[in-house]
Every structure is written in C-alpha cells, then in structure tokens.
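Enquirer: missing the sequence, but the structure's below:
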C-alpha cells in the first residue's frame, strides 16, 4: 500500500469517520476513582497539592459517592487516614477503623450500586510512615504480612468488594488470599499493586494521605524505576500467589511496562494514573498551557492504548461527565 493509491487522510477527514476508525475506547466503565477518608470533624478538607481533590469524613464521603455515581463511574478505591497513628499501624486492622467505617457507610447507603475497593497498606497508619513494621530501621517483611492479611480481612468483613494491597512486601498476595479463603471469602478478588515503582510522582498523594515516611525512603521495597524485566517477575509472582488483577503504578511514566505486562500475561491489568500525573496536568491547564479536557482524554486514552483494562484516575468524575455529555 503506497501513496497515492493509499491515502490515510481519507479516514480522518471528519469526526464520524475518525470515530468509526478509533482503535481504543475510553469509557467510564473502565475507571476507578480514588477517595481519601479521614477521621475528622470537618466533612471535607481540600488538598492543596491536588486542586479539586479533598479528604472526606465518613459522613462527608457519602456525598462524594453520589457525585461518582452521577458521573457513571462504577468503582472507588478507598484510602484511610486515622486520627491517631502508632508504630504498629493498629488503625489499619481495627474493625472500627476509618476505612472499615467508610466501607460500612458506603455499602449501607449505596449497596451494589458502587464497587468498593480498599487499599491495603500500613503507611497511612504508622507513626513512622513506612508500609510495615520497622525493626532496627528496616521494614520487616514477614511480620508485616500478618498485619496486611488482618487488615484485608477487616475490610472484607465491613463489606469491601475487592482489596488492593499496595505495600510491596514479598508474599502479601498469598498471605491475604489465604486469610480470606480461611474465613470463607473465596469470591472477594485481590487487585495487587504488582509493579509499584519508587517514583517521584507520589508527592501530592503523600500530602493527601498524610503518609510521608519520617525517615529514609521506600526504595528498599518499592521497585527501582530503571527496571522493566523485574516488573514481569513481580507480576508473575503475584499471579502465582492468587492475584485476580495486577497493577502497574505509576501509569504515564511506565507505559512500556503496561504494554509488556499486557503482552506477557493473560490476566486483567490495571494502571494507576497517580497524584503527580494529576497535579501536573491540572496545574498546567490552570496556567493555560494545556487544554484540560484534551489533556485528560489523551493521557487516559494512552494508558488504555498501552493495554490497561482498568485505569485508576483522579479525573474519573470528569471523564464520566464528558462521556454522559457525549463529548469524549
């Protein structure tokens, strides 16, 4: 096929043709909206580093879920911020912890209308800000597994539809799967943060979740950004341990990893468009340097095009609204 016989522009000359030829679909059905729930007296507190995103109280989050459903977004990912933290992160597995309260409130109000996924980690609950139990300045992998499994179980007992371990401890998928199965929760899926990189893009999230480490960093357990082949090993391990969905995080800086994972593994794949990606687009659009809608749609479509079946994004409500207006 050569010019002038073949002219690709023939199929681009109007929107109806372009729509018909479009290879990648973007729909609210594939989106998950992250939500921050905090033990506090205020119903809503805006997050400075993430314009348009807020922390909500357990009562306040119900109004946010109304907006999520109005936008046609089917799922939320819940992060919790407790009033008090300690070295053992006890709020993470407290049956009356903030996430557990939020899940009960959301499911009590909305039932099956919303899919509630819970983040399973320790960093928001520990006084030192690390994702597990610290011994001699180092996160103890195997001791942390017990608490992660306990946390996941309390989330499911509260009504969570799915749990999503984000800690990057070795073996945590197996520990959680075994704990849930032991208690008869065979039907609850595990979405594993399988390839979670030690990225610079988490800064705004750490303000939102109040989870910055108080010493050192997380590079001894999160993945080293230059490594791609290692991500495939991490994903394979999580699949062997029982993950139902695997995730790459962040999304936009790691589209090559998303594509490779989609090619190598026949399992549902999620990608998390993280806080730094959100804030960069939001702030650039606020300066007039980008068109917000076009930037959001183009960037999210690129994640889908790379191979993600599910996109976790702070822009989910906007995308859902644009889809309802038929302006995607």
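Expert: Structure's in. What do you need? These numbers come from a predicted model, not from an experiment.
Enquirer: Does residue 207 lie in a helix or a strand, and which?
Expert: Using DSSP states H and E, residue 207 falls within helix 203-209.
Enquirer: can you pull the contacts of residue 285?
Expert: 291, 292, 295 (C-beta atoms under 8 Å, 6 or more residues apart in numbering). Placement of C-beta: from N, CA and C, glycine included.
Enquirer: What about the residues you listed, which one has the most neighbours?
Expert: The member of the contacts of residue 285 that has the most neighbours, counting by other C-beta atoms under 10 Å, is residue 295 with 17 neighbours.
Enquirer: residues of stretch 77-93 that come out buried?
Expert: Within stretch 77-93, the residues that count as buried by 16 or more other C-beta atoms under 10 Å are 77-82, 85, 88-93.
Enquirer: farthest pair in the residues you listed?
Expert: Greatest spatial distance among those (C-beta to C-beta): 77 and 88, at 24.1 Å.
Enquirer: what's the single longest helix in this structure?
Expert: Secondary structure of the chain per DSSP state H: the longest helix is helix 141-158.
Enquirer: Contacts for that helix next, please.
Expert: By C-beta under 8 Å, 6+ apart, helix 141-158 touches 88-89, 92-95, 97, 99-101, 103-104, 107, 118, 120-122, 131-133, 135, 163, 165, 167, 169-172, 175-176, 178-180, 183, 185, 188, 190, 221.
Enquirer: one more time with 6 Å, if that's ok
Expert: 92-93, 95, 100, 103-104, 118, 120, 132-133, 163, 169-172, 175-176, 179, 185, 188 (C-beta atoms under 6 Å, 6 or more residues apart in numbering).
Enquirer: next one: stretch 198-209
Expert: With C-beta under 6 Å, 6+ apart, stretch 198-209 has contacts from 36, 47, 49-50, 79, 124, 212, 218-219, 222, 250, 274-276, 279.
Enquirer: Among those, name the buried ones.
Expert: Buried residues within the contacts of stretch 198-209, defined by neighbour count using 16+ other C-beta under 10 Å: 36, 47, 49-50, 79, 124, 218, 222, 250, 274-276, 279.
Enquirer: Narrow the contacts of helix 141-158 to those in helices?
Expert: Using DSSP H, the contacts of helix 141-158 in helices are 100, 103, 104, 172, 175, 176, 179.
Enquirer: what would those residues look like in TSV with pLDDT and distance to residue 207?
Expert: Below are the ones in helices among the contacts of helix 141-158 laid out as TSV (pLDDT from 0 to 100; distance: C-beta to C-beta, whole Å):
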residue	pLDDT	distance to residue 207
100	98	24
103	98	24
104	98	27
172	97	25
175	98	30
176	98	28
179	98	31
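Enquirer: which of those residues has the most neighbours?
Expert: residue 176 leads those on contacts (other C-beta under 10 Å) with 29 neighbours.
Enquirer: Leaving out sequence neighbours, find the closest residue to that one.
Expert: residue 152 (4.5 Å; C-beta to C-beta, 6 or more residues apart in numbering).
Enquirer: quick one: the helix or strand in which residue 20 is found to chain centroid distance?
Expert: Assessed by DSSP H and E, residue 20 sits inside helix 15-21. Centre-to-centre, helix 15-21 and its host chain are 32 Å apart (C-alpha atoms, centre = their mean, to the nearest Å).
Enquirer: Can you give the contact residues for it?
Expert: Counting by C-beta under 6 Å, 6+ apart, 11, 12 sit against helix 15-21.
Enquirer: Mean confidence (pLDDT) on that helix, please.
Expert: Taken as a whole, helix 15-21 has a mean pLDDT of 93.
Enquirer: what ranges do the strands span in this protein?
Expert: 31-38, 44-46, 54-56, 75-81, 115-120, 134-135, 138-139, 162-165, 191-196, 245-249, 269-273, 310-313 (DSSP state E).
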